[in-house]
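>>> Fold the following for me, if possible:
(2 chains)
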Amino acid sequence: MTTATAVRFEGVTLRLGNHPVLSQVSFDIPQGQLVGMLGPNGAGKTTLMRSILGLANPFQGRISAFGSPVTRGSTKIGYMPQLRGSSGTMRLSGWDFVASVVKGHRFGLPLHSKAQRAEIRDVLELVDAGALAKRSLNEMSGGERQRLLLAQTLIGAPELLLLDEPLNSLDPHRAHDMLMLVRRVQRELGITVVLSAHDLNQLVGAMDKVLYLARGQAALGTVDEVITSPVLSRLYASKMEVIRADGRIFVVPGIGADVTDLHPDYSANVRRQPSQQEARHYA
Amino acid sequence: MLEYDFIRHAFMASTIVAILAGAVGYFLVLRGQTFAGHALAHVGFTGATGALLIGFPPLAGLVVASVAAGAGMGAMGEKSAQRDVAIGLVLSLALGIGLLFLHFMTTSATQATALLFGNVLAVSVETIKVLFVLAILSLALLAIISRPLLFASLQPELAEAKGLRPRLYSIVFLVITALATAESVQIVGVLLVFALMVGPAATALRLSNNVLRGIVLSMVIALVEAWLGITLAFYTDWPTTFWIAALSTGFYCAAYLAGWVRLRLPMTPVSTPLLIGALDEH
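Okay, here's the model as predicted:
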């Protein structure tokens, strides 16, 4: 496995208006890995992704992707925003939804060359969405629409995918399928994927690294390195306990911890860890 | 029927306007900005009555006011064009001011009715020329921006990440919409702009989920409605606008019913082999 860096944060401070999101954060996201980005609501997961896309400039510090400072419109980065309600009501085919991304920034009519049509077919097949090409978005389930959004990110053969909450609003079964699909695509293409989620246990077993954000701080490493009492206590600036029970991991405030500033979402409330069969799928 | 000049002029004007309204309307419906389009027509009414008051052609006032309003609405951002309450208030204020302008005029009744409900049978050759030039400009501009506009409409955040400026496209598109609205007012009037701008596009979206086919279909439906409307008006002596509005609603209901039936057909045992055949083709 390569150890080259996909994304580097060096002393980065991010703000959303006057609200501080990240404070003096440094980490390296290695290439060719699936990184799960976790943290409570409002921890800055979306803002961090937008900063890698060049849409949110750091107040301080440097952000680089593949050795160059980040800029808007990078072809090396694919982005899947959180699923918005409006796309679900559109009477447009899956094909057109994905095709709109192909050279979407260029002037002209929405016509596509033979090579572009082949690319659209390829990404649809890659995410098992070939059968969705002719169906309308308003007739699809949330999971099917998520697959099309994933296909959109793969247009232009990016080396890094930023997926913002792709498992949101999916039932546990479909969320699991989506995660496995992301894992398979990431492995097949050998690309880097940063995937944000709320549920730690949903990702355990599938992700190579975890990037945990809390209270303006970040920690990157394996689950065993990051989801520990000392690391999380440092991030939250308050005593945190990590409890492993029945195959699940719980993050809870420690005895005597000041919980007044903790977001109610601090706990990675969880489902089961993957079964052995599922673990084989992930592998 | 075609031996009359006024009928030939009506067909020419409605052909130009229907093609433009059909194309622009498709994106308007897709972007969920139909109410914004409706409001632009009302602001145009204020411009038209204001122009009449100071002795200018109403079409000039209509174009200037609606284009200014379109640009302003676009500049306020993507979401402003979807804010029903704000748009509703602007719409009623515009209509109110238009009424005030009419109050100051002495020969207002006919012109007010023509502006509010359209009068395609009274379109002059000069107006047709203006409509033609504006339509060509609008369609050319729409063709140039259609690809990024579609991208920004379907996936604004992704488009922004890819270097597009969604707000810029919002402004340009609403200016094009304003021009299309000003043209449509000539045919169906301020109050029934929906009939030409929204009805055909919504019908097309019900009939096809393919973008290019949908745009062409929207233009064809608008054209058929306008032509049929004039023909029916000629033979019945009822207002053209009534017929266009009735056809617009009728076509939409027919498309809705067709979709409803199509959705339920595969459920019947008779059509099951057809469905399997269709799937095999994929």
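
>>> which residues of the stretch 151-283 of chain A fall in strands?
Using DSSP state E, counting those that start in this stretch, the strands of the stretch 151-283 of chain A run over A:160-163, A:192-196, A:209-214, A:217-221, A:240-245, A:248-253.

>>> The last one to strand A:240-245, inter-axis angle?
Relative orientation of strand A:248-253 versus strand A:240-245 (axes from the mean of the first three to the mean of the last three C-alpha atoms, to 10 degrees): 160 degrees.

>>> So what's the residue count around the residue in the stretch 151-283 of chain A that chain B sits nearest to?
Closest residue of the stretch 151-283 of chain A to chain B, C-beta to the nearest C-beta: residue A:152 (6.6 Å). Where you see a C-beta, it was placed from the backbone N, CA and C, and this is true even at glycine. Residues lying near residue A:152 (other C-beta atoms under 10 Å in any protein chain shown) number 26.

>>> thought it was touching residue B:159?
No - at 10.7 Å, residue A:152 and residue B:159 do not qualify as touching, with contact defined as C-beta atoms under 8 Å.

>>> Which strand or helix spans the closest residue to residue B:175 other than its chain neighbours?
Closest residue to residue B:175 apart from its sequence neighbours, by C-beta to C-beta, 6 or more residues apart in numbering or on different chains: residue B:70 at 4.8 Å. Under the criterion of DSSP states H and E, residue B:70 resides in helix B:58-75.

>>> List the buried residues of that helix.
Buried positions in helix B:58-75, judged by neighbour count with 16 or more other C-beta atoms under 10 Å in any protein chain shown: B:58-59, B:61-71, B:73-74.

>>> Tabulate the CA atom coordinates of stretch B:30-48 in PDB.
Extracted in PDB, the C-alpha atoms of stretch B:30-48 (Å, rounded to 0.1, in the frame of the first residue of the first chain):
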ATOM      1  CA  LEU B  30     -37.000  21.600 -13.700                       C
ATOM      2  CA  ARG B  31     -35.500  24.300 -11.400                       C
ATOM      3  CA  GLY B  32     -38.700  24.700  -9.400                       C
ATOM      4  CA  GLN B  33     -39.000  28.400 -10.200                       C
ATOM      5  CA  THR B  34     -42.400  28.500 -11.900                       C
ATOM      6  CA  PHE B  35     -43.800  31.000  -9.400                       C
ATOM      7  CA  ALA B  36     -40.900  33.200 -10.000                       C
ATOM      8  CA  GLY B  37     -41.700  33.200 -13.700                       C
ATOM      9  CA  HIS B  38     -45.300  34.100 -12.900                       C
ATOM     10  CA  ALA B  39     -44.100  37.000 -10.700                       C
ATOM     11  CA  LEU B  40     -41.900  38.300 -13.500                       C
ATOM     12  CA  ALA B  41     -45.000  38.700 -15.700                       C
ATOM     13  CA  HIS B  42     -46.700  40.800 -13.000                       C
ATOM     14  CA  VAL B  43     -43.700  43.000 -12.600                       C
ATOM     15  CA  GLY B  44     -43.700  43.300 -16.400                       C
ATOM     16  CA  PHE B  45     -47.400  44.500 -16.100                       C
ATOM     17  CA  THR B  46     -46.200  47.400 -14.000                       C
ATOM     18  CA  GLY B  47     -43.500  48.200 -16.600                       C
ATOM     19  CA  ALA B  48     -46.000  48.100 -19.400                       C
END
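
>>> Just the buried positions in it, please.
Buried, per 16+ other C-beta under 10 Å, within stretch B:30-48: B:30-31, B:33-48.

>>> pLDDT below threshold where in chain A?
A:1-3, A:83-89, A:255-283 (pLDDT under 70).

>>> Would you tell me which residues of it are close to chain B?
A:50, A:53-55, A:72-73, A:77, A:79-81, A:86-87, A:90-93, A:95-97, A:100-101, A:103-111, A:130-131, A:134-136, A:152-153 (C-beta under 8 Å from any C-beta of the partner chain).

>>> quick one, what contacts the residue nearest to residue B:175?
Contacts for residue B:70 (C-beta atoms under 8 Å, 6 or more residues apart in numbering or on different chains) come out as B:40, B:171, B:174, B:175, B:176, B:177, B:178.

>>> State which helix of the chain is the longest.
If you meant another chain, say so; for now it's chain A. The longest helix of chain A (DSSP state H) is helix A:172-189.

>>> Chain B, not that one
Under DSSP H, chain B gives helix B:125-154 as its longest helix.

>>> And for residue B:17, nearest residue in space, chain neighbours not counted?
residue B:183 (4.6 Å).

>>> now swap in residue A:121 and tell me
residue A:130 (7.4 Å).

>>> same check, this time on residue A:149
For residue A:149, the closest residue by C-beta to C-beta, 6+ apart turns out to be residue A:80, at 4.9 Å.

>>> picking that back up, gap between the helix holding residue B:70 and the chain center?
Distance of helix B:58-75 from its chain centroid, counting by C-alpha atoms, centre = their mean, to the nearest Å, is 15 Å.

>>> Would you indicate which residues of the next helix or strand after that helix are buried?
Where DSSP H and E defines the elements, the next helix or strand beyond helix B:58-75 is helix B:84-104. For helix B:84-104, burial by neighbour count (16+ other C-beta under 10 Å) applies to B:87, B:90, B:91, B:94, B:95, B:97, B:98, B:101, B:102.

>>> Just name the closest of those to residue A:178, please.
residue B:87 (37.3 Å; C-beta to C-beta).

>>> so who does that closest one touch?
B:35, B:36, B:39, B:73, B:81.

>>> From chain A, how far out is the first one?
For residue B:35, the distance to chain A (C-beta to the nearest C-beta, to the nearest Å) stands at 15 Å.

>>> Regarding that residue, what is its secondary structure?
For residue B:35, the assignment made with DSSP: H, G, I helix; E, B strand; the rest coil gives helix.

>>> Can you tell me which of the contacts of residue B:70 is nearest chain A?
Closest approach to chain A among the contacts of residue B:70 (C-beta to the nearest C-beta): residue B:176, at 14.2 Å.

>>> For the stretch 151-282 of chain B, what lies in contact range of chain A?
B:151-152, B:154-155, B:157-164, B:205-206, B:209-212, B:282.

>>> change it to 10 Å
Counting by C-beta under 10 Å from any C-beta of the partner chain, the residues of the stretch 151-282 of chain B lying close to chain A are B:151-165, B:202, B:204-215, B:259, B:263, B:278-279, B:281-282.

>>> returning to that earlier point: check the contacts of residue B:70 and tell me the two furthest apart.
Greatest spacing in those, by C-beta to C-beta: B:40 and B:171 (13.0 Å).

>>> Can you show me the helices along the stretch 101-250 of chain B?
B:109-117, B:125-154, B:156-161, B:166-188, B:193-197, B:199-207, B:211-236, B:240-264 (DSSP state H, counting those that start in this stretch).

>>> for the third one, packing partners?
Right, the one you point to is helix B:156-161. The contact analysis (3 or more C-beta pairs under 10 Å, 6 or more residues apart in numbering or on different chains; DSSP states H and E) places helix B:156-161 against helix A:45-52, strand A:77-80, helix A:142-154, helix B:125-154, helix B:166-188.

>>> what's the closest of the ones you listed to residue A:28?
Nearest to residue A:28, of the helices and strands packed on helix B:156-161 and by C-beta to C-beta, is helix A:45-52 at 12.7 Å.

>>> Bridged to the residue nearest the centre of chain A, which residues?
Most central in chain A under C-alpha atoms, centre = their mean is residue A:195, positioned 1.8 Å from the mean C-alpha point. Counting by DSSP bridges, residue A:195 is bridged to residue A:36, residue A:163.

>>> I appreciate the help and will end here.
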